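Trainee: I would like the atomic coordinates for the input below:
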Amino acid sequence: MGLRDELESIAATCAAQGFWSDGWLAVKHTRFYHEKDTKSESYARLSRLEELLRPQTLVERVRGRVLASKSLCDIDEIDADDPDSYRPAMEHRQAESKALGSEVANEPTALHELLSDIVGCGGNLWYFGMGLAQTAKSPS
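Mentor: Numbers count the residues shown, from 1 in each chain. Got it, this is the predicted structure:
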């Protein structure tokens, strides 16, 4: 248990310094792949840690939900034993990326802050760009 305490402390320190997308995604994946018992104390601890590391601001949400994630869907929205769960999860990720693009189109400060990430990064940019272009007052 001591190592878990130390890791949680380190994660809290990192979170206090700003959004840590790799840490947040690692906690989500650890919870999904290694802790199936949702009633266990380990699952509860991972959930609290995920909440602590979760993106809060618009820029953080874009970095965490659109840019940092190379997956087509959110791991929390799929059931590994149900292949039919992937399509709705992918459609939700697409809609979320598009909605975040629309939000950024209305926030010039956020767009300016994200511009280098958007140009030089992968992720779910297609739908993000659709939302950005459809909402922008001046698409050019």
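
Trainee: which helices and strands does the helix ranked longest in the chain pack with?
Mentor: The longest helix of the chain (DSSP state H) is helix 86-105. Packing contacts for helix 86-105, counted by 3 or more CB pairs under 8 Å, 6 or more residues apart in numbering; DSSP states H and E, involve helix 58-61, helix 108-119, helix 125-135. Glycine gets a C-beta too; all of them are placed from N, C-alpha and C.

Trainee: so which of these gets nearest D81?
Mentor: Closest approach to D81 among those (CB to CB): helix 125-135, 27.1 Å.

Trainee: Distance from the chain centre to the closest one, please.
Mentor: 17 Å (CA atoms, centre = their mean, to the nearest Å).

Trainee: and that helix, what does it pack onto?
Mentor: Under the contact criterion of 3+ CB pairs under 8 Å, 6+ apart, helix 125-135 touches helix 86-105, helix 108-119.

Trainee: Please repeat the previous calculation with a cut-off of 6 Å.
Mentor: Helices and strands touching helix 125-135, as assessed by 3 or more CB pairs under 6 Å, 6 or more residues apart in numbering; DSSP states H and E, comprise helix 86-105.

Trainee: Would you mind saying which of the helices and strands packed on helix 86-105 lies nearest I75?
Mentor: I75 lies closest to helix 58-61 among the helices and strands packed on helix 86-105, at 16.4 Å (CB to CB).

Trainee: Distance from the chain centre to that closest one, please.
Mentor: Relative to its chain's centre, helix 58-61 lies at 9 Å (CA atoms, centre = their mean).
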